[in-house]
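> sequence and computational prediction follow.
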Amino acid sequence: MNDLFCEIPGSNDWKKVKPIQKGWSGDHKYYVESADHRKFLLRVSIISNFDRRQSEYDTLKRCYSNEIVMPEPIGFGVCSRGQNVYTLLTWVDGDDAGRVLPALSEKEQYRLGYSAGQMLKRIHQNPAPDELPPWSETFNRKIDRKIKAYRDCGIRLDYDGRLIKYIESNRHLLDYRPQSVQHGDYHCGNMVISSEHQVGIVDFDRLDYGDPWEEFNRITWSADVSPAFASGQINGYFDDDVPDTFFRLMALYIAVNQVSSIPWAIPFGQSQVNVMMDQSRKVLEAYDQYQNYIPKWYSFRK
């Protein structure tokens, strides 16, 4: 077995180790199969990330539940002679939701989204540490940084004045918000659908703490693939009783994401900038250039 893995307990029984190229993190990920046909996800990071990875692992253990189809954390430690830290998780079987959803009926897309919303709510039942500063303080600082970075980057979004006006006019919604564990990147690109048509949640690489409703800031990517799935996620999260304040806050978080997306994309090249510009146009269309706070793709159904 590769020296990178030999210190990991049980690695002598691994018969297949295949690198996974998908994802934006700098970590190395591997699909692992053991001699007795068990499947795992192995994530290997540089040793300087030890404290962060340990915190993530402990949080994952706290979140893990039979009511959430997600990887089970089963191993953590140091490997490759002290140069790396590893996390070992069970593998969640299924195909990428983003590819599967368009081939399903709208009713089935909605059902799967509803299930994803219910699972997200269960993740959010894990509270954040009490010692965190108030959410309004944390996120308002983030808004200030992101608007400054956008204004300094030299690229302009259509209707950016309306985006920024909506953000500035709705900062008060951040007051007194609760904080919980966050998946950190919750959209259909980080979900799989099994052969039994069950949705599973993967890629917990960005675990964090914050307002649970901020977690919907990436739902626009799901709405691009399946408006029914995205609508189902919202309705499932709220058990079909969605408060008006949620839509106002979701619109705020999505607006902040649009402003920050261009400075984020620039280091990755023009093609990624184009992706984010295109996404921003779709968001602006969904929100009628931010004259409305409920997106056009949303629908309620029982």
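Here it is on my side, so go on.
> before we move on, what SS does the spatially most central residue of the chain have?
Nearest to the mean C-alpha position of the chain, by CA atoms, centre = their mean, lies residue 185 at 1.1 Å. Under the three-state scheme (DSSP: H, G, I helix; E, B strand; the rest coil), residue 185 adopts coil.
> give me the pLDDT value at it.
Residue 185 carries a pLDDT value of 96.
> please apply the same query to residue 205.
88.
> before we move on, what SS does it have?
coil.
> where do the strands sit along the stretch 51-200 of the chain?
73-79, 84-90, 95-96, 180-182, 191-193, 199-201 (DSSP state E, counting those that start in this stretch).
> would you turn those into a markdown table with mean pLDDT and mean neighbour count?
All C-beta atoms are positioned from the backbone trio N, CA, C, and that covers glycine. Below are the strands of the stretch 51-200 of the chain laid out as a markdown table (pLDDT from 0 to 100; neighbours: other CB atoms under 10 Å):
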| stretch | mean pLDDT | mean neighbour count |
| --- | --- | --- |
| strand 73-79 | 96 | 17 |
| strand 84-90 | 96 | 22 |
| strand 95-96 | 97 | 13 |
| strand 180-182 | 98 | 21 |
| strand 191-193 | 98 | 24 |
| strand 199-201 | 98 | 23 |
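> returning to that earlier point: wait, the residue nearest to the centre of the chain sits on residue 205?
Yes. If you go by CB atoms under 8 Å, residue 185 and residue 205 touch, sitting 7.2 Å apart.
> would you mark the buried spots in the helix ranked longest in the chain?
Ranked by residue count, the top helix of the chain under DSSP state H comes out as helix 244-265. By neighbour count on 16 or more other CB atoms under 10 Å, the buried set for helix 244-265 is 246-247, 249-265.
> tell me what that helix is packed against?
helix 135-153, helix 160-169, helix 219-225, helix 270-286 (3 or more CB pairs under 8 Å, 6 or more residues apart in numbering; DSSP states H and E).
> ok, residue 182 - contacts?
123-124, 206-210, 212, 214-215 (CB atoms under 8 Å, 6 or more residues apart in numbering).
> and those residues as TSV, adding neighbour count and distance to residue 280?
Output for the contacts of residue 182, formatted as TSV (neighbours: other CB atoms under 10 Å; distance: CB to CB, whole Å):
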residue	neighbour count	distance to residue 280
123	21	28
124	21	27
206	14	21
207	19	27
208	16	23
209	18	27
210	21	22
212	22	25
214	26	18
215	26	20
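> what segments of the stretch 1-150 of the chain are helices?
Remark: helices assigned in the stretch 1-150 of the chain by DSSP state H, counting those that start in this stretch are 50-63, 97-100, 106-123, 135-153.
> got the CA coordinates for the last one in PDB?
This file holds the C-alpha atoms of helix 135-153, laid out as PDB (Å, rounded to 0.1, in the frame of the first residue of the first chain):
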ATOM      1  CA  TRP A 135     -24.600  36.700  13.500                       C
ATOM      2  CA  SER A 136     -25.400  40.300  12.500                       C
ATOM      3  CA  GLU A 137     -21.900  41.400  13.500                       C
ATOM      4  CA  THR A 138     -20.200  38.500  11.600                       C
ATOM      5  CA  PHE A 139     -22.200  38.800   8.400                       C
ATOM      6  CA  ASN A 140     -22.300  42.600   8.200                       C
ATOM      7  CA  ARG A 141     -18.500  42.600   8.300                       C
ATOM      8  CA  LYS A 142     -18.600  39.900   5.500                       C
ATOM      9  CA  ILE A 143     -20.900  42.100   3.500                       C
ATOM     10  CA  ASP A 144     -18.600  45.100   3.800                       C
ATOM     11  CA  ARG A 145     -15.600  43.100   2.600                       C
ATOM     12  CA  LYS A 146     -17.400  41.600  -0.300                       C
ATOM     13  CA  ILE A 147     -18.900  44.900  -1.600                       C
ATOM     14  CA  LYS A 148     -15.400  46.500  -1.300                       C
ATOM     15  CA  ALA A 149     -13.800  43.500  -3.200                       C
ATOM     16  CA  TYR A 150     -16.500  43.800  -5.900                       C
ATOM     17  CA  ARG A 151     -16.000  47.600  -6.300                       C
ATOM     18  CA  ASP A 152     -12.200  47.100  -6.500                       C
ATOM     19  CA  CYS A 153     -12.300  44.200  -9.000                       C
END
